[in-house]
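In: What would the 3D arrangement of this be:
(one chain, ligands or ions: 2)
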Amino acid sequence: ENNNHKNVLPPPSPAELTKESGKNNQRLKLNRSFVDKTKSAVRMSNDHQKEVGLEHKPEDELQNTGLDDGIMKVTPGLGEVGRPVILNQKEQILADELFSSAAFNVYISDRISLNRSVPDARHPLCKNVQYENNLPTASIVIIFTNEMWSSLLRTIHSVMNRTPSHLLHEIILVDDLSTLEYLKGKLENYLKKNLPKNKIKLLRMKKREGLIRARLAGAQIATGDVLVFLDSHCETNFMWLEPLLQRIKEDRKTVVCPIIDVIDDKTLQYVASNGEYFQIGGFTWNGHFTWIEIPEWEEEQRKSVVAPTKSPTMAGGLFAIDRNYFWEIGSYDEGMDVWGGENLEMAFRVWMCGGSLEIIPCSHVGHIFRSFHPYSFPGNKDTHGINTVRTVEVWMDEYKKYFYMHRPDLRHVNYGDITKRLELRDKLQCKDFEWYLENIYPQKFTFDQNVFAFGIVRNPVSNLCLDNLNRDEDKSEPLGLHHCKSQKGVVMNQVFSLSASNELRQEENCAEVLYKTSKYQKVMMVKCHGRGEGQEWHHMRGGPIIHRETGKCLDVAGSKATKDVYVTECKGTHSQIWWFENYLNM
Ligand code: LR7
Ligand code: MN
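Out: Residues are numbered from 1 along each chain as shown. Ligands and ions are numbered 1, 2, ... in the order given. Predicted coordinates for the structure are as follows:
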């Protein structure tokens, strides 16, 4: 397992955000007594599909799928309507043993019908949207390497079940040199027997190419009007394809993404929100994709909560693009290996070279979010890092310095030849990265722009500096103190800005006082919300850093090195004096 790249995390669920945590009591036990309820569960799902005018298969066909393949052990009704499956203790032990091979609960997956129903995850307004009859056709490209049988086939079945056949030109499966035995002859037989021959193609890579070149190979043999890429562990939702095709028909230069719903890696629950809240794509200066809020100007511009929403970047795995436009705009960088970075590359390129990137809220596709990679990285390379170097060298102009500040280890890495990509940028007469930041992602925070002060923040008497102590940026963690470091190498842990809106912040995280009662109050680093309130701080050169809401001061007293920093009554003592490395005249 290669630790150099962190995996893409699922977006927070609306429940998590509104704190009205899971009132979901429909959790099912995997045991025989459940079978009684099966019929109603399946019938419910069929009625559900009828409602929106989709064809549905006869009940016995649904229940028999996969039963004789030697891998599936379907318990009819289990996981229907996307419900979570909870195992008893004995089964959980068996499931845990299998978990590491798949990075999700394959034991449960093997027991859920390949044709299981999903909850309608769309906003109710989507049901009123009309789509044209003569939409372009789609080639669905699904790449995989050693994907589990049940998750791969459930992806394919869900596409077959929820895509009108006149829009489904073909499904192209690309096997990136899987070694699992059942993905060889057995898979071919299954496809021949159970799926329409004219709709399904299986392409085998001769060597392990990685997801970027595997997708390129799939795209090369595609003949539909639109390319739709999916990961190999997805479940499509109601009317998932029509909204994507409709938008591309209106504007062939838009690259469109569905809302990606979470399929829980432990319970296989298809988590359906109310369809109203979703996030769009951003990036961090260390080269990772991240979820961000829809900015207010975009909220105003789109006429309805279900209207297409512009997004600075995309997660990467699930999107649709006009097939000819895919090639015109430079397809993918074929110099990228295995996993990572291609999504930001494509996002920058599309925006900078005259296209656009949108999330289409009426299209939903579920994806199993995994917390580690179940497959190997040949040569144990940090492919995310190296692919991202290719991206920043081609697209980010002088802004690449911010990336290298986070990753000085990659400054001299061999990233191969990028001449062709630079030529492409030239040929397409693309705009520069500054244009992208100003026009597409103006809310992106750059630590030395629109700030009063930036750099390390030192208390001179103790020679201690503010430091995030390498704590998890995705969680709320206390702000710490550490001996001040020199400015060479990776120093981002100690780089802070006092922003023009009076935030004491690192990239996406702002200092906030959360517990307002005790004498020494901890300072937490939490996601910046831009509303001032508990995230507002005031400071002048060589003076205290004052938290506006409580009127208290940042203080090193009471905390030793490698401890957390506190706010306490302002006293004008040495322990409350701070110097930013740089002050700007604004
Ligand atoms: O060497 C490989 N060859 C492959 O064919 C490695 C992977 N793959 C296949 C793999 O079987 C899977 O179908 O490529 C697909 C993506 O790999 P995952 O599922 O391990 O990736 P991920 O879901 O963790 O990562 C996200 O970011 C990647 C960056 O390179 C890709 O763009 C993935 O497609 C992307 N997935 C999504 O966007 C789904 C939503 C996740 C989020 C946010
Ligand atoms: Mn994936």
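In: if I pick Pro361, what's in contact with it?
Out: If a contact means Cβ atoms under 8 Å, 6 or more residues apart in numbering, then Pro361 has 122-123, 126, 259, 275, 278, 305-309 as its contacts. For every residue, glycine as well, the C-beta is placed using N, CA and C.
In: Please list the residues of the stretch 301-450 of the chain that sit near ligand 1.
Out: 315-318, 338-340, 342-343, 367, 373, 375 (Cβ under 6 Å from any ligand atom).
In: Most neighbours out of these, which is it?
Out: Each of those was scored for neighbours by other Cβ atoms under 10 Å, and Gly340 scores highest at 30 neighbours.
In: what sits against the nearest residue to Phe496 once chain neighbours are set aside?
Out: In this structure, Phe496 finds its nearest non-sequential neighbour in Val457, 5.1 Å apart by Cβ to Cβ, 6 or more residues apart in numbering. Contact analysis of Val457 by Cβ under 8 Å, 6+ apart lists 465-466, 494, 496, 545, 578-581.
In: related to what we said a few turns ago, show only the entries of the residues of the stretch 301-450 of the chain next to ligand 1 found in helices.
Out: Judged by DSSP state H, helices contain the following of these: 342-343.
In: can you put the residues of the stretch 301-450 of the chain next to ligand 1 in a markdown table and add pLDDT?
Out: Below are those laid out as a markdown table (pLDDT from 0 to 100):
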| residue | pLDDT |
| --- | --- |
| Ala315 | 98 |
| Gly316 | 98 |
| Gly317 | 97 |
| Leu318 | 98 |
| Val338 | 97 |
| Trp339 | 97 |
| Gly340 | 96 |
| Glu342 | 98 |
| Asn343 | 98 |
| His367 | 98 |
| His373 | 94 |
| Tyr375 | 93 |
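In: longest strand of this protein?
Out: Secondary structure of the chain per DSSP state E: the longest strand is strand 356-368.
In: hmm, back to that, show me what the residue nearest to Phe496 bridges to in the sheet.
Out: In this entry, Val457 is beta-bridged to Phe580, by DSSP bridges.
In: Ligand 1 versus that one, what's the distance?
Out: From Val457 over to ligand 1 the distance is 33 Å, taken as Cβ to the nearest ligand atom, to the nearest Å.
In: Doesn't Ile259 belong to a helix?
Out: No - counting by DSSP: H, G, I helix; E, B strand; the rest coil, Ile259 is not part of a helix but strand.
In: Just to check, Trp285 is in contact with Phe403?
Out: Yes - taking Cβ atoms under 8 Å as the definition, Trp285 is a contact partner of Phe403 at 5.9 Å.
In: Of the residues of the stretch 301-450 of the chain next to ligand 1, which belong to strands?
Out: In this view, those that belong to strands under DSSP E are His367.
In: Output the one helix or strand Trp435 maps to as PDB - backbone C-alpha positions only.
Out: Using DSSP states H and E, Trp435 maps to helix 433-439. C-alpha atoms of helix 433-439 as PDB (Å, rounded to 0.1, in the frame of the first residue of the first chain):
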ATOM      1  CA  PHE A 433      -3.900  30.000 -14.900                       C
ATOM      2  CA  GLU A 434      -4.400  33.400 -13.500                       C
ATOM      3  CA  TRP A 435      -7.400  33.800 -15.800                       C
ATOM      4  CA  TYR A 436      -8.700  30.500 -14.400                       C
ATOM      5  CA  LEU A 437      -8.300  31.600 -10.800                       C
ATOM      6  CA  GLU A 438      -9.800  35.000 -11.400                       C
ATOM      7  CA  ASN A 439     -12.800  33.900 -13.400                       C
END
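In: Give me the buried entries from the contacts of Val457.
Out: 465-466, 494, 496, 545, 578-581 (16 or more other Cβ atoms under 10 Å).
In: Let me know the closest of the residues you listed to ligand 1.
Out: Nearest to ligand 1 among the buried ones among the contacts of Val457: Phe496, at 27.8 Å, using Cβ to the nearest ligand atom.
In: who are the neighbours in contact with the closest one?
Out: 447, 454-457, 466, 504-506, 580.
In: which of those residues lies closest to ligand 1?
Out: Of all the contacts of Phe496, ligand 1 sits closest to Gln506, with 21.8 Å by Cβ to the nearest ligand atom.
In: May I ask you to confirm that that closest one is in contact with Met492?
Out: Yes - Gln506 sits in contact with Met492 when judged by Cβ under 8 Å, with a separation of 7.4 Å.
In: quick one: which of these two has more around it?
Out: Legend: neighbour count by other Cβ under 10 Å for Gln506 and Met492, higher for Gln506 (22 against 19).
In: what residues are up against that one?
Out: Gln506 makes contacts with 447, 468, 473, 492, 495-497, 525, as judged by Cβ under 8 Å, 6+ apart.
In: out of the residues you listed, who has the most neighbours?
Out: Busiest of the contacts of Gln506 [other Cβ under 10 Å] is Phe496, holding 29 neighbours.
In: so what's that one bridging to?
Out: Counting by DSSP bridges, the residues bridging with Phe496 are Gly455.
In: Endpoint to endpoint, stretch 454-471 covers what distance?
Out: Start-to-end span of stretch 454-471 (Cα to Cα, to the nearest Å) is 20 Å.
In: let's number from 156 now, not from 1
Out: New numbering, starting at 156: the last item is stretch 609-626.
In: how far out from the middle of the chain is it?
Out: Distance, stretch centre to chain centre, for stretch 609-626: 32 Å (Cα atoms, centre = their mean, to the nearest Å).
In: For that stretch, list every residue counted as buried.
Out: Across stretch 609-626, burial judged by 16+ other Cβ under 10 Å covers 609-614, 617, 619-624, 626.
In: ok, now stretch 497-510?
Out: Neighbour-count burial for stretch 497-510 [16+ other Cβ under 10 Å]: 497-508, 510.
In: now do stretch 431-449
Out: For stretch 431-449, the neighbour count (16+ other Cβ under 10 Å) marks 432-449 as buried.
In: Give me the average confidence score over it.
Out: The average pLDDT for stretch 431-449 rounds to 93.
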